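Novice: Structure, please.
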Amino acid sequence: MQKIFQNQTVIFYILLGVSLVISRLPLIGRYFRGINTLIHESGHAFIALILSGNVHRIDLSSDTSGSVITSTDNGFKRFLVSFSGYPFSSIVALLFFYFINQNAYQYVLYPLVVLVLLNLILYVRNLYGVFWLLTFLILSFSVIYLNKQLLWYGFSLLCTFIILTDSVISTIHLLIISFKNPKTAGDAKNIADITHLPAIFWAFIFLFISGFLAYKTIYLYFPKII
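Specialist: Numbering: from 1, shown residues only. Predicted structure coming up:
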């Protein structure tokens, strides 16, 4: 039994299974899935800033939804800002799994802490959003303070796995919403207004990108069982 738990591949899939269970629990699951909401909304904000736009506010909600208010000076920039959220989450998940694969867990946790601090100081003002950011900071600093390798590994894997799975699941939900009620389809609706192509088209694009990047992440960085 001791030899089994010294096997890195076994530990990886045990922790992955634990992460899956935690992420789907009714209350704590929604809490941890806020990680992907933070990444998604920060992706919009990041692209807006790169394009010399402004970020006015970010909201994080208890149901794992979120919103960001930005301003840019032309339609093409608005398109890029609206388009960026879903692919940004998928790319972050791929990069974080790369760092986990390299045993460089600090490059998962430290960027998350910096992102949380920036959002807390600059952008997030709604009550739940502030609560989420503060409590996530406490969790992260606790992991850093305790400085146990398995704890670093497990927490980094939990955060990264949630970003990966929700980056795909959220695009599936978007596709369903785009089919049933396109006017409430969030980013797909915003892009549809800019391009005059239907929201469901953009939802398919998002799903394809997130699915492809998730496949590449699993193929490249998940340990082979056999």
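Novice: So which residue is smack in the middle of the protein?
Specialist: Here the mean C-alpha position of the chain is nearest to the C-alpha of residue 36 (C-alpha atoms, centre = their mean), at a distance of 2.6 Å.
Novice: ok, for that residue, nearest residue in space, not its chain neighbours?
Specialist: Ranked by C-beta to C-beta, 6 or more residues apart in numbering and with sequence neighbours excluded, the top spatial neighbour of residue 36 is residue 166, at 3.8 Å. Every C-beta, even on glycine, is put in place using the N, C-alpha and C of the backbone.
Novice: Then residue 221?
Specialist: Excluding its sequence neighbours, the residue lying closest to residue 221 (C-beta to C-beta, 6+ apart) is residue 97, at 4.1 Å.
Novice: Let me know whether the residue nearest to the centre of the chain touches residue 64 as I believe.
Specialist: Yes. With contacts counted by C-beta atoms under 8 Å, residue 36 reaches residue 64, the gap being 7.5 Å.
Novice: Please identify the buried residues of the longest helix anywhere in the chain?
Specialist: Ranked by residue count and defined by DSSP state H, the top helix of the chain is helix 149-180. Using 16 or more other C-beta atoms under 10 Å as the test for burial, helix 149-180 gives 152-168, 170-171, 174-175, 177-178.
Novice: now that helix: how far from the chain's centre is it?
Specialist: Going by C-alpha atoms, centre = their mean, to the nearest Å, the spacing between the C-alpha centre of helix 149-180 and its chain's C-alpha centre is 6 Å.
Novice: sorry, back to before: what touches both of residue 36 and residue 64?
Specialist: Overlap of the contact sets of residue 36 and residue 64 (by C-beta atoms under 8 Å, 6 or more residues apart in numbering) consists of residue 166.
Novice: Identify the bridge partners of residue 58.
Specialist: Residue 58 forms beta bridges with residue 68, residue 124, as assigned by DSSP bridges.
Novice: show me the residues around it that make contact.
Specialist: Residues touching residue 58, when contacts are defined by C-beta under 8 Å, 6+ apart, comprise 41-42, 45, 66-69, 119, 123-124, 129.
Novice: Can you go through these and name the buried ones?
Specialist: Buried, going by 16+ other C-beta under 10 Å: 41-42, 45, 66, 68, 119, 123-124, 129, out of the contacts of residue 58.
Novice: can you redo those residues as TSV with distance to residue 198 and pLDDT?
Specialist: Shown next, in TSV, are the buried ones among the contacts of residue 58 (distance: C-beta to C-beta, whole Å; pLDDT from 0 to 100):
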residue	distance to residue 198	pLDDT
41	24	97
42	27	97
45	26	97
66	24	95
68	23	96
119	32	97
123	31	96
124	32	96
129	31	97
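Novice: Output those in CSV, with distance to residue 222 appended to each entry.
Specialist: Rendered in CSV, the data for the buried ones among the contacts of residue 58 read as follows (distance: C-beta to C-beta, whole Å):
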residue, distance to residue 222
41, 27
42, 25
45, 30
66, 28
68, 31
119, 30
123, 33
124, 33
129, 32
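Novice: quick one, strands of the chain?
Specialist: All strands of the chain, identified by DSSP state E, fall at 54-60, 66-71.
Novice: To residue 140, which of the ones you listed lies closest?
Specialist: With distances scored as C-beta to C-beta, the stretch of these nearest to residue 140 is strand 54-60 (15.8 Å).
Novice: Now do the closest one against strand 66-71: the angle between them, please.
Specialist: Between the direction of strand 54-60 and that of strand 66-71, the angle (axes from the mean of the first three to the mean of the last three C-alpha atoms, to 10 degrees) works out to 170 degrees.
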